[in-house]
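S.K.: how does the following fold in three dimensions:
(one chain, ligands or ions: 2)
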Amino acid sequence: SDVLDIRGFRIWRGYLDRAAQAALVDALRDVLRQAPLVQPVTPSGRKMSVRMSAAGRFGWITDRKGYRYSETHPSGVSWPPIPDSVLAVWRALAGAARDPDCCLINWYGPEARMGLHQDRDEADFTQPVLSISLGDDGLFRMGNAERGGRTESIWLQSGDVVLMGGDARLRYHGIDRIRPGSSTLLDAPGRINLTLRVVT
Ligand code: MD3
Ligand code: FE
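M.R.: Ligands and ions are numbered 1, 2, ... in the order given. Presented below is the predicted three-dimensional model:
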């Protein structure tokens, strides 16, 4: 698969073939049985359009009380372990980084989006973040370490993997929209993004 470097983001297009993608989706079904997707509410009371769950020691959650990493799903159960097939992608691409202790699972329905934001709830910004795209294409926008300025957009497809390290780690980024029906991987329109992080 070819590697692209855009503003410090490393993008492996088509890193996972169709069989590897399907294997990840199977492993995720297991995780989501134990820790179902929830539609989180921001501290201001707005419903996020993305549905979320997680695997690993920590999951990222938000509710009226604020956003934070939590060792439990809103239902009170511990998050399931990160599947080996997911960990293997991190270990192959994340270099000398520590193993991740959070695999956030974002599910985008046809209307979902994620506004430009930074990931800064983690303790150590020298550790990279890795994203795996599954299902429908998503329009990923990347900006700068400060609000404003020029941004660049790229369509992420099922099987693409993105590594945000070094310079890119604190850049603003988001998902403007998905292209419903562009992939046949999932049995309904939508996009899944796995985001692996070292939290502690
Ligand atoms: C750049 N998710 O969960 S993944 C997120 O597709 C998030 O669901 C998006 O942003 C998604 O926080 C984008 C790509 C991504 C993930 C984390 C990053 C880009 C990043 C952290 C730092 C810089
Ligand atoms: Fe993010």
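
S.K.: not counting residues beside it along the chain, what's closest to residue 98?
M.R.: Nearest residue to residue 98 in three dimensions, chain neighbours excluded: residue 198, at 5.1 Å (CB to CB, 6 or more residues apart in numbering). For glycine as for every other residue, the C-beta is placed from the backbone atoms N, C-alpha and C.

S.K.: and that neighbour, how many residues sit next to it?
M.R.: Residues lying near residue 198 (other CB atoms under 10 Å) number 21.

S.K.: that one contacts residue 103, doesn't it?
M.R.: No - when contacts are counted by CB atoms under 8 Å, residue 198 is not listed as touching residue 103 (11.2 Å).

S.K.: any idea of the mean pLDDT in stretch 20-40?
M.R.: Averaged across stretch 20-40, pLDDT comes to 98.

S.K.: which positions in the chain make contact with ligand 1?
M.R.: Residues of the chain lying near ligand 1 by CB under 6 Å from any ligand atom: 104, 106, 114, 119, 129, 131, 138, 162, 164, 168-169, 171, 173, 175, 193, 195.

S.K.: apply 8 Å and report the result again.
M.R.: 9, 50, 60, 104, 106, 108, 114, 117-119, 129-131, 133, 138, 140, 142, 156, 162, 164, 168-175, 191, 193, 195, 197 (CB under 8 Å from any ligand atom).

S.K.: in strands only, show me the residues you listed.
M.R.: 9, 60, 104, 106, 108, 114, 117, 129-131, 133, 138, 140, 142, 156, 162, 164, 173-175, 191, 193, 195, 197 (DSSP state E).

S.K.: circling back to that earlier point, relative to residue 127, how far out is the residue nearest to residue 98?
M.R.: 4 Å (CB to CB, to the nearest Å).
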